[in-house]
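Student: okay, here's the prediction I keep looking at, along with the sequence it came from:
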Amino acid sequence: MAENAIEISGLTKTYRGSGSTPDKQALKGVDLTVKAGSIFGLLGPNGAGKSTLINIMAGLVRKSAGQVKIWGFDQDQNPRQSRAAIGVMPQELNFDPFFAPRAALEVQAGLYGVPRRQRRSDEILKLVGLEDKANAYARTLSGGMRRRLLLAKALVHDPQILVLDEPTAGVDIELRQMLWDNIRMLNKTRGMTIILTTHYLEEAEEMCDEIAIINHGEKIAQDSTQNLLGALDAKTLLITPSTLPDALPELDGVSAKLREDGTLAMAYHTSRTSAEEVLDAVRAHGIRISDIRTEQADLEDVFLELTRAR
Ligand code: ADP
Ligand code: MG
């Protein structure tokens with residue numbers, strides 16, 4: 001088994017413009033190592049270069065410069081082996097309307113040269129909960145089912161590395177939970193290395209052992225999830241007051257804001273202030289609390305903190 005599932009160095013990608021469209025440098029010399037067996041999160045805002053990076057790994061986009069090794073195989077020297085080691089669930093629903101799920105998996109297996117007796121189409125359909133739909137007309141599949149079929153297609157050649165590009169963007173809670181369960185199971189029981197991109201901090205926190213953050217085509221941080229997100233301890237208590245307060249509570253190091261929907265947002269750093277102290281300050285102000293929630297720093301704040309720290 002390879003020690004590192006992915007080893008990338010100096011990876012550059014420039015999309016050539018045409019006419020009035022200028023060139024776009026989507027990746028600017030990215031180095032990235034992903035340990036075999038991990039669940040790795042690639043985080044970054046829209047346009048950061050996540051899909052470009054993933055599509056280069058998958059052999060779907062040509063790099064401009066740099067070296068990519070997949071499961072120890074150099075992509076240029078061993079294109080076949082490096083492609084066989086990786087399965088990709090793309091961001092776009094590039095969906096073939098003609099094939100029922102089982103047939104779609106058979107076609108995909110054919111493309112990857114999986115011999116008939118080694119195909120596991122029914123097992124994979126069961127895994128993603130589509131066994132009832134094996135022969136259903138493709139156009140009758142819901143959006144959630146189509147997404148699960150994309151995951152199934154990524155698995156036909158039993159790759160060591162599974163890459164998921166924004167697997168849960170825009171899906172409902174039930175499907176998100178199911179995808180998370182599938183991903184964890186593949187990682188645990190088969191030791192599959194998982195690489196996922198997301199812009200949900202919660203997803204990265206919940207799923208990933210390690211996280212890299214990219215922004216404007218550059219990697220700006222990489223660490224264990226705990227180290228990376230633990231250092232960013234901004235939290236917000238969202239309080240629904242029983243009656244609108246006349247004035248806002250004041251507390252050192254805490255920012256109090258009244259939002260348009262009447263929610264009192266108390267932003268604080270858990271390393272400096274406790275939730276108890278924040279609540280005490282609110283109560284001391286004569287504000288009665290009818291409901292309370294917490295909100296984590298969103299990704300934008302994380303980027304700000306990280307870029308400020310450098
Ligand atoms: P992300 O997945 O993080 O949102 P992408 O990798 O899709 O980012 O895009 C990175 C940058 O490259 C963006 O500015 C995007 O507009 C540009 N880009 C992506 N694909 C193409 C393409 N085929 N042609 C030209 N520019 C592209
Ligand atoms: Mg993308």
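Tutor: Here it is on my side, so go on. Residues are numbered from 1 along each chain as shown. Ligands and ions are numbered 1, 2, ... in the order given.

Student: pick out the residue of the protein closest to ligand 2.
Tutor: Taking CB to the ion, ligand 2 has its nearest neighbour within the chain at residue 51, 3.2 Å off. All C-beta atoms are positioned from the backbone trio N, CA, C, and that covers glycine.

Student: what residues does the protein have near ligand 1?
Tutor: Taking CB under 6 Å from any ligand atom as the measure of proximity, the chain contacts ligand 1 at 15, 24, 26, 44, 46, 47, 48, 49, 50, 51, 52.

Student: if we use 5 Å, what do you get?
Tutor: 15, 24, 26, 46, 47, 48, 49, 50, 51, 52 (CB under 5 Å from any ligand atom).

Student: quick one: buried ones out of these?
Tutor: Neighbour counting over the residues of the chain next to ligand 1 (16 or more other CB atoms under 10 Å) leaves 26, 48, 49, 50, 51, 52 as the buried ones.

Student: mind checking pLDDT for the last one?
Tutor: Read it as residue 52. We have a pLDDT of 96 for residue 52.

Student: and the gap between it and residue 261?
Tutor: Separation of residue 52 from residue 261 (CB to CB, to the nearest Å): 38 Å.

Student: with secondary structure added, can I get the buried ones among the residues of the chain next to ligand 1 in TSV?
Tutor: Below are those laid out as TSV (DSSP: H, G, I helix; E, B strand; the rest coil):
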residue	secondary structure
26	strand
48	coil
49	coil
50	helix
51	helix
52	helix
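
Student: where does the stretch 1-150 of the chain have low pLDDT?
Tutor: 1, 95 (pLDDT under 70).

Student: domain ranges for the protein, per the record?
Tutor: The chain breaks down into these domains under automatic domain parsing: 1-85+159-174+186-229, 96-158, 232-298.

Student: want to throw these into TSV with distance to residue 180?
Tutor: Putting these into TSV (distance: least, CB to CB, whole Å) gives the following:
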stretch	distance to residue 180
domain 1-85+159-174+186-229	6
domain 96-158	12
domain 232-298	18
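
Student: return the most buried member of the ones you listed.
Tutor: Ranked by mean neighbour count, the domains of the chain are led by domain 1-85+159-174+186-229 with a mean of 18 (mean count of other CB atoms under 10 Å).

Student: show residues contacting stretch 215-224.
Tutor: Contact with stretch 215-224 is made by 13, 25-32, 44-45, 48-49, 52, 209-214, 228, 303, 306-307, 310, as judged by CB atoms under 8 Å, 6 or more residues apart in numbering.

Student: export stretch 35-47 to PDB, keeping only CA atoms.
Tutor: Presented in PDB, the C-alpha positions along stretch 35-47 are these (Å, rounded to 0.1, in the frame of the first residue of the first chain):
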ATOM      1  CA  LYS A  35      -2.100  10.300   3.500                       C
ATOM      2  CA  ALA A  36      -3.500   6.900   2.400                       C
ATOM      3  CA  GLY A  37      -6.600   5.900   4.400                       C
ATOM      4  CA  SER A  38      -7.600   9.400   5.500                       C
ATOM      5  CA  ILE A  39     -10.700  11.500   4.900                       C
ATOM      6  CA  PHE A  40      -9.300  14.700   3.500                       C
ATOM      7  CA  GLY A  41     -11.200  18.000   3.000                       C
ATOM      8  CA  LEU A  42     -10.400  20.600   0.400                       C
ATOM      9  CA  LEU A  43     -12.000  23.800   1.600                       C
ATOM     10  CA  GLY A  44     -12.200  27.100  -0.200                       C
ATOM     11  CA  PRO A  45     -14.700  29.700  -1.500                       C
ATOM     12  CA  ASN A  46     -16.200  29.500  -5.000                       C
ATOM     13  CA  GLY A  47     -13.600  30.000  -7.700                       C
END
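
Student: how about it and ligand 2, touching?
Tutor: No: using CB under 5 Å from the ion, stretch 35-47 stays clear of ligand 2, with a minimum separation of 7.1 Å.

Student: mind telling me what element residue 82 is part of?
Tutor: Using DSSP states H and E, residue 82 sits in helix 79-84.

Student: just checking, what packs against that helix?
Tutor: Counting contacts by 3 or more CB pairs under 8 Å, 6 or more residues apart in numbering; DSSP states H and E, helix 79-84 packs against strand 65-70, strand 73-74.

Student: contact partners for residue 151?
Tutor: For residue 151, the contacting residues are 89, 128, 164, 167, 179, 182, by CB under 8 Å, 6+ apart.

Student: Serialize those to TSV and add fields for secondary structure and distance to ligand 2.
Tutor: What follows is the contacts of residue 151, written out as TSV (DSSP: H, G, I helix; E, B strand; the rest coil; distance: CB to the ion, whole Å):
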residue	secondary structure	distance to ligand 2
89	strand	12
128	coil	22
164	strand	11
167	coil	12
179	helix	17
182	helix	21
